[in-house]
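Q: need a structure here:
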Amino acid sequence: MRFVTSFVLASLVAGCAVDKTPPTDSFTDLAGVDEKADAFSYRMKIVGSLAYGESTDSVKYTKTPRFRAVKFAGKGGDQIDVWVRGDGDAVAWVLDNSFRVIGFNDDASPDFFDSHIEVTLPASASDTHYIVFRDYDLHTAHMTVTLGATLPVNTTCTVDADCVAVPVGSCCHSGANTAINGDSVDAYATVNACLPPFPPCAPPAFTDDRVPQCNANKQCEMVAPEDIRCGGFTRNPHECAPGFACQVNQIPDIPGTCVSACVQRVLCTTTSHFDPIACMCVANG
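A: Okay, the predicted model is just below:
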């Protein structure tokens, strides 16, 4: 009988964990209240601020005050990705500057008590937003907040100099690069920031020897050195990668092809080194 009773109790506890009552917290009473006022601090404690791609240190949560929060600057249209993780049962909200709820989550999945919110920020009167969190049962816990976002990454260009090569966004770098406009390097790093949990990574599988180039459609792309169409009468004449030289076309106005600098040194008769890239030409025989 004791076994049956224990089994029934365990089933009820499991059922409660699945069928939790959704929180009904409201925050609009904080709109217009000074954050230093007692009316604010009795309800919520601001524990810091975040930029996209950043995480807080571990924050100790206690039931007094009921909520903890971090501030962030976000613009209408930003697509944000928020995680609140810890050793408790996290509940999280994203609020605008008037403390209206934009996004909410209790459990990221039936198997996890972390909170995960993906939402697009609407236009608001201010860029200031809040990530608010607490423990579902108001138990003491330690929580970490991570703020990610999808920002626009510019890949348009006018000339090759506009384009740069960056590692393809991933926690683990495969060795492959992608081409973007140089003014989007920071945005690309933010969008592709590796967020916890961090996976184990193997060494890159290969070295990408392609170079960034601005194509005819005014988009940055990665091109193999031997596929570059160099020189010629064009608005954006391409240059060969280091270690390669331009073999001009018989018709000077038409772009030529890039070939290894060693191939160009056909008159070499002794073992020598040539610039660029310490290219060695070894004499036959």
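
Q: Tell me where this structure has helices.
A: Counting by DSSP state H, one finds helices in the chain at the ranges 2-18, 38-41, 185-191, 261-264.

Q: comparing the ones you listed, which gets the lowest mean pLDDT score?
A: When the helices of the chain are ranked by mean pLDDT, helix 2-18 comes last with a mean of 38.

Q: what are the bridge partners for Ala90, then?
A: Taking DSSP bridges, one obtains Asp135 as the residues bridged to Ala90.

Q: and it, how many neighbours?
A: If you count neighbours by other CB atoms under 10 Å, Ala90 ends up with 27. Placement of C-beta: from N, CA and C, glycine included.

Q: Repeat that for the one 4 residues further on.
A: Other residues lying near Val94 total 23 when counted by other CB under 10 Å.

Q: Quick check: chain neighbours aside, which residue is closest to it?
A: Gly103 (4.1 Å; CB to CB, 6 or more residues apart in numbering).

Q: Next, work out how far apart that neighbour and Glu35 are.
A: Gly103 sits 21 Å away from Glu35, going by CB to CB, to the nearest Å.

Q: So for these two, which sits in the more crowded spot?
A: Gly103 (18 against 12).

Q: Which residues belonging to stretch 202-221 are considered buried?
A: Asp208, Arg210, Val211, Pro212, Gln213, Cys214, Cys220, Glu221 (16 or more other CB atoms under 10 Å).

Q: so what pLDDT did the closest residue to Arg85 other than its chain neighbours get?
A: Leaving aside its chain neighbours, Arg85 sits nearest to Asp114 (4.5 Å; criterion: CB to CB, 6+ apart). Among the per-residue scores, Asp114 holds a pLDDT of 95.

Q: OK, contacts around Asp114?
A: The neighbourhood of Asp114, defined by CB atoms under 8 Å, 6 or more residues apart in numbering, consists of Trp83, Val84, Arg85, Gly86, Ala90, Asp107, Ala108.

Q: what number of residues lie near Tyr188?
A: 21.

Q: Would you check how far apart it and Pro152 are?
A: For Tyr188, the distance to Pro152 - CB to CB - is 10 Å.

Q: what's the answer for Ala90, then?
A: Taken as CB to CB, the span from Ala90 to Pro152 is 30 Å.

Q: And Phe233, by the same measure?
A: Separation of Phe233 from Pro152 (CB to CB): 34 Å.

Q: and if you look at Asp114?
A: 28 Å.

Q: what's the answer for Asn105, then?
A: 25 Å.

Q: and the two? which has more neighbours close in?
A: The residue with more neighbours, out of Asn105 and Pro152, is Asn105; 19 against 10, by other CB under 10 Å.

Q: Can you list the neighbours in contact with stretch 39-59?
A: 27, 29-30, 33-35, 65-73, 78, 80, 86, 131-132, 142-149, 151, 189-190, 193, 195-196.

Q: Count the residues that sit near Val115.
A: Heads up, residue 115 is Ser, not Val. 26.

Q: follow-up on the earlier one: drop anything exposed from the contacts of stretch 39-59.
A: Buried among those by 16+ other CB under 10 Å: 27, 30, 66-72, 78, 80, 86, 131-132, 143-149, 151, 190, 193.

Q: So which of these are in strands?
A: 67-72, 80, 86, 131-132, 143-149 (DSSP state E).

Q: In the stretch 1-150 of the chain, where is pLDDT below threshold?
A: Regions of the stretch 1-150 of the chain meeting the criterion pLDDT under 70 cover residues 1-18, 125.

Q: Go again with 50.
A: When residues are selected by pLDDT under 50, those of the stretch 1-150 of the chain lie in 1-17.

Q: go on, the stretch 151-285 of the chain?
A: 263-285.

Q: That one: strands as residue ranges?
A: Secondary structure of the stretch 151-285 of the chain (DSSP state E, counting those that start in this stretch): strands located at 163-167, 177-181, 211-214, 220-223, 229-230, 244-247, 256-260, 272-274, 279-281.

Q: Would you tell me which of those strands gets closest to Val119?
A: Among the strands of the stretch 151-285 of the chain, strand 177-181 comes nearest to Val119, with 25.7 Å by CB to CB.

Q: Note down every partner strand of that closest one and its orientation.
A: When DSSP bridges is applied, strand 177-181 pairs with strand 163-167 (antiparallel).
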